[in-house]
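Participant: Have a look at this fold, sequence not included:
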């Protein structure tokens, strides 16, 4: 059902179904003698409400909200000065309460009073949308009130629809800004809600609401859906802002070639859209993602020549990053210099892009030169700059004195008052591992944890893996324990990675020690990958009895472990039993595996048959 229905031509006098409006004081109709005075008062009241309402984007103002709310609440019944415009100002002002809950409640009460006395307008619907919809969870309720306004004579419009979509977009941006990881379930709900708004408002959308809907879909990883609504031709007019988001989504779904075609068609001579640097940068970004340095450099040359919009700092960074992804450091340096010659001001992003090109190719000398030039030019050195410089040393860390030099630059970050991030620490830890200085790696990890640098289990795992690869299982467990003591949440990934590393050494006992620590000391329930790595390690080491013990004492009695018992785990167990000559046990394990996984376990079956054939052939010889 469409959100908008054509409003009846007669003036609506709907009776409110809620009790909020009845709390407004009514003091009788004015006499003829009082009419002139009331009109003057009403005019001044409307002016005051307009002041209290402020601009649509003005922030919270509890005083303004409370005053507007009381002015409407205490007004006389049938006050001739409360025009539709005055009511609209009152809704906007009432919504400016200090808390969202109060703002929505007051705006709703104003609307309940308004709908009893006057006919709403298109602006009323827009004000209700802005007042009642602050986040994704408000959309459906706000749509219900907007339907009330339409049925009372208001007109739906693109501004009201865009207010609903913008609320979802704003919440997504806030979540991303807070560093929250993408939540597939939450994103799917957002997509569903925005799609409801889009479908309900067909016939009323414009380029702004379309662009914002596409932006929400893109933030949720649904560029395909964004392109679907773009190609519906619901909106006939495409402006510069809509073109930019369309190019971004097109590049993500259909690739650089399709995005370039859209760009050429939209900005052709005689068209309504003049190409801007932002549009050109969208194509450069797509080229960077695809590593198409040939397109990026050619397009950047055209920008310098005036054939395309003029380049800016982002353009230069993107062409350098495209060269970096293609592992063309010489080309990256060439365009770095070409950008400078063209008068493009270097920024920290430009320097970081060039450092990335150097780090990907091990061009440490060039990286140092770029870093020193940045300092000389007064470009602000950021945490990202130091991180990229450290990463560029990873290729040469095993060479004499290179590790010490890299650590010196890492320490320079503290000298420049740069707060280290986990990414910087991880780069430093990988550098220590590459330079075969695990002790320094442990020291750097401990220093970072003691300084309170926000860290995750990944950083701890880097050192733990390095220790396990050298057979130091207990030391690896000690570093994991230290991380937990410092507040790091230890997840199964730490043990999956360490067991995976140690199985290469055919150290089944070490793998079993790590597994038992994960289960007992750290209280982790084994997932599918952990069991697969464990049974693989035990099978390689010929520890089939221990594998059966884990199966009987752990997997079969733990619902979580039972659900995680997979076909590869069964295959590893069957292989271990076959290599030990325990064919009856292998058959039993295969049957049990089929029962537990509910699948044929073809890999395990093939391994069992091949093992039997080898055994039969050996006996024949």
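Facilitator: Structure's in. What do you need? For clarity, every value in this text was computed on a predicted model and none was experimentally measured. Numbers count the residues shown, from 1 in each chain.
Participant: sec struct for residue 238, please.
Facilitator: The local conformation at residue 238, judged by DSSP: H, G, I helix; E, B strand; the rest coil, is coil.
Participant: Residue 182 now?
Facilitator: Going by three-state DSSP: residue 182 is coil.
Participant: State the helix or strand in which the residue nearest to it when sequence neighbours are not counted lies.
Facilitator: For residue 182, ignoring the flanking residues on the chain, the nearest one in space by CB to CB, 6 or more residues apart in numbering is residue 221 at 7.2 Å. C-beta here means a position set from N, CA and C on the backbone, and glycine is covered the same way. Residue 221 is part of no helix or strand when elements are defined by DSSP states H and E.
Participant: distance of residue 221 from residue 405?
Facilitator: 41 Å (CB to CB, to the nearest Å).
Participant: low-scoring stretches of this protein, by residue?
Facilitator: Scanning the chain for pLDDT under 70 picks out 1-43, 55-59, 75-81, 179-181, 269-271, 360-364, 560-561, 621.
Participant: Spit out the contact partners of the nearest residue to residue 239 once chain neighbours are set aside.
Facilitator: Nearest residue to residue 239 in three dimensions, chain neighbours excluded: residue 207, at 4.9 Å (CB to CB, 6+ apart). Applying CB atoms under 8 Å, 6 or more residues apart in numbering, we find residue 207 in contact with 235, 237-239, 241-242.
Participant: Phi and psi next, for residue 207.
Facilitator: phi -60, psi -30 (degrees, to the nearest 10).
Participant: Over to stretch 305-318 now: how far is its first residue from its last?
Facilitator: 18 Å (CA to CA, to the nearest Å).
Participant: The helix or strand encompassing residue 500 packs against which elements?
Facilitator: Using DSSP H and E, residue 500 maps to helix 492-503. If contacts are counted by 3 or more CB pairs under 8 Å, 6 or more residues apart in numbering; DSSP states H and E, helix 492-503 sits against helix 457-469, helix 473-485, helix 508-516, helix 528-540.
Participant: Export the ones you listed as CSV, with columns for mean neighbour count.
Facilitator: Putting the helices and strands packed on helix 492-503 into CSV (neighbours: other CB atoms under 10 Å) gives the following:
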stretch, mean neighbour count
helix 457-469, 22
helix 473-485, 19
helix 508-516, 22
helix 528-540, 24
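Participant: In TSV: those helices, plus distance to residue 256.
Facilitator: As requested, those are arranged in TSV below (distance: least, CB to CB, whole Å):
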stretch	distance to residue 256
helix 457-469	32
helix 473-485	42
helix 508-516	45
helix 528-540	35
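Participant: Out of those, the one nearest residue 354 is which?
Facilitator: helix 457-469 (26.3 Å; CB to CB).
Participant: what's the angle between that closest one and helix 492-503?
Facilitator: Going by axes from the mean of the first three to the mean of the last three CA atoms, to 10 degrees, helix 457-469 is angled at 20 degrees with respect to helix 492-503.
Participant: So which residues make contact with helix 457-469?
Facilitator: Counting by CB under 8 Å, 6+ apart, 422, 425-426, 429-430, 433, 438, 441-442, 445, 448, 473, 475-477, 479-480, 482-483, 488-491, 493-494, 497-498, 501-502, 504-505, 510, 514 sit against helix 457-469.
Participant: and if you look at stretch 550-558?
Facilitator: Contacts of stretch 550-558 (CB under 8 Å, 6+ apart): 512, 515, 519, 525-526, 531, 534-535, 538, 561-562, 565, 573, 589, 592, 596.
Participant: switch the cut-off to 10 Å
Facilitator: Contact with stretch 550-558 is made by 512, 515-516, 519, 525-526, 531, 534-535, 538, 543, 561-565, 569-570, 573, 589, 592-593, 596, as judged by CB atoms under 10 Å, 6 or more residues apart in numbering.
Participant: From the contacts of residue 207, keep the buried residues only.
Facilitator: Buried subset of the contacts of residue 207 (neighbour count, 16 or more other CB atoms under 10 Å): 235, 238, 241-242.
Participant: Mind putting these into CSV with secondary structure and distance to residue 107?
Facilitator: Shown next, in CSV, are the buried ones among the contacts of residue 207 (DSSP: H, G, I helix; E, B strand; the rest coil; distance: CB to CB, whole Å):
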residue, secondary structure, distance to residue 107
235, coil, 29
238, coil, 34
241, helix, 29
242, helix, 30
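Participant: Do a quick rundown of the helices in the stretch 101-250 of the chain.
Facilitator: Taking DSSP state H, counting those that start in this stretch as the criterion, the stretch 101-250 of the chain contains helices spanning 122-132, 139-151, 158-177, 184-200, 207-219, 223-231, 240-254.
Participant: Now do the fourth one and helix 223-231, the angle between them.
Facilitator: In this case it means helix 184-200. Using the same axes, to 10 degrees: helix 184-200 against helix 223-231 is 10 degrees.
Participant: for helix 184-200, which positions count as buried?
Facilitator: 187, 190-191, 193-195, 197-198, 200.
Participant: And for stretch 385-405?
Facilitator: Buried, per 16+ other CB under 10 Å, within stretch 385-405: 385-397, 402-403.
Participant: Strands - which of the residues you listed land there?
Facilitator: Within the buried residues of stretch 385-405, no residue falls in strands by DSSP state E.
Participant: residues in contact with residue 299?
Facilitator: Contacts of residue 299 by CB under 10 Å, 6+ apart are 260, 280-281, 283-284, 287, 292, 307-308, 311, 315, 318-319, 322.
Participant: how close does the residue most central in space within the chain sit to residue 245?
Facilitator: Centre of the chain computed as the mean C-alpha position; nearest residue by CA atoms, centre = their mean is residue 182, 4.4 Å away. Here residue 182 is placed at a distance of 19 Å from residue 245 (CB to CB).
Participant: just residue 567 next, same as before
Facilitator: 44 Å.
Participant: for residue 319, same thing?
Facilitator: From residue 319 to residue 245 the distance is 22 Å (CB to CB).
Participant: if you count what's nearby, which of these two comes out ahead?
Facilitator: Neighbour count, other CB atoms under 10 Å: between residue 319 and residue 245, residue 319 has more, with 31 against 21.
Participant: May I see the buried residues of the strand or helix carrying the more buried one?
Facilitator: Per DSSP H and E, residue 319 falls inside helix 313-325. Judged by neighbour count using 16+ other CB under 10 Å, the buried positions of helix 313-325 are 313-325.
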